Structure formats: structure tokens, C-alpha cells
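1. Give me a model of this one.
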Amino acid sequence: MMAIKILVEPDNEPVTLAEAKVWMRVDQSIEDSLINGLIRTARMHIEAIIGRAMITQTIQQTSTAQTNTGIIDLLIAPVQSVLIVAKINADGSENILAVSDYQVDIDNNRIAVGIIETGSAFRLEYIAGYGALASSVPEALRTAILSQTARLFEHRDGEAVGISHSVQSLLSPFARVRL
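-> Numbers count the residues shown, from 1 in each chain. Got it, this is the predicted structure:
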């Protein structure tokens, strides 16, 4: 069982409307609302592909811990801090763990809760993202959003739009690999 929910959305996007319009060579303001929506869509799509939050946001994750290690992988990186670790009981109630009851490995985006019984589920709340400002986001990711936003804008006639090879190349260094 694994589920992700965004509890607090980012306050802003990694690229501005003005930056996107310059990238797409759009001068008029009649489609500003559409372009803003496409920026958000491109960001969310790219975040889903790479398993990373670009701008600071609060994540809720429900997961089971690995039986032999008690490790829970945090699915959205980079993790800034962990707010809550709660063990979900069989009856659906929760026990919030004290900070001393788990160890956070920020560098590897995981939590260790110790050896637990098979199938133990946990609800986690944590803050993830490169930072609160667009300037915190790596330039390659910002470029990928601009490129994908332009692609969505150009193909808004309902034609299925995927990620271009150039965007895939920009994203490849950020893809999370677990062994």
C-alpha cells in the first residue's frame, strides 16, 4: 500500500508567466490564463516523472515499512524535513511516533522505524522541494518546464502530447533510481 497526497501546494511555480511567454514568443495577454494552467500542468507532470518536488510543498504518504529493516522510502525528493510519522493500527487508528522512535536519512530520502511486524503501515507527512523560490530550482528543470509548456501550448487541439526527447534528456540526471 502506497499513496501520495499533496497537503500544501507550492506557493508559486518554478517559471513565471512572463518567462513562458518569452520562451513561446507570445505577445498578447488573451491566453495568459491558459499559459498559467499549462505551466502548472507541465510542472506536475515532470514532478511525477522524476519523483521530485520542485517548489516547497507538504506531502502526505501512506506506506508500509520494509519488514527486515524498518525502512520507509520517501517517494518525493528532495526531503527538507519530516513533520509526522504515525503507525496505522489494524483498526485504522494511529499512533504518532516520537522523534526519538525513528531516524530520518535526508540524504537518501528515507526513514528508519526499526524492526516491525510484517505489513505495518505508516502515515508520513514531510516537506519536500528544492526551496520556496523559483531560483532554488535547478535550471535544467526550469528549462524542461518551459519546453513542455510550449509543447502543450502548441498541441492544445486535443492531440496526445508526451515528453519530447530534449525534455527527457533534461530530466535524466534527476530521475530517482533505487537499488
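2. Going by C-alpha atoms from here, please, whenever you check contacts or count neighbours.
-> Will do.
3. what residue is smack in the middle of the chain?
-> Centre of the chain computed as the mean C-alpha position; nearest residue by CA atoms, centre = their mean is Ala53, 3.1 Å away.
4. How confident was the prediction at the closest residue to it other than its chain neighbours?
-> Of all residues not flanking Ala53 in the chain, Gly129 sits nearest, at 4.4 Å (CA to CA, 6 or more residues apart in numbering). Per-residue pLDDT puts Gly129 at 97.
5. so Gly129 touches Ile59, yeah?
-> No. Here Gly129 does not reach Ile59: they are 10.0 Å apart, not a contact under CA atoms under 8 Å.
6. need the contact list for the residue nearest to the centre of the chain.
-> Ala53 makes contact with Glu47, Ile76, Ala77, Pro78, Ala128, Gly129, Tyr130, according to CA atoms under 8 Å, 6 or more residues apart in numbering.
7. Select from these every entry located in strands.
-> Taking DSSP state E as the definition of strands, those contribute Ala128.
8. Please produce JSON lines containing the contacts of Ala53, extended by neighbour count and distance to Ala140.
-> As requested, those are exported to JSON lines (neighbours: other CA atoms under 10 Å; distance: CA to CA, whole Å):
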{"residue": "Glu47", "neighbour count": "20", "distance to Ala140": "13"}
{"residue": "Ile76", "neighbour count": "24", "distance to Ala140": "18"}
{"residue": "Ala77", "neighbour count": "24", "distance to Ala140": "16"}
{"residue": "Pro78", "neighbour count": "21", "distance to Ala140": "16"}
{"residue": "Ala128", "neighbour count": "25", "distance to Ala140": "18"}
{"residue": "Gly129", "neighbour count": "22", "distance to Ala140": "15"}
{"residue": "Tyr130", "neighbour count": "20", "distance to Ala140": "13"}
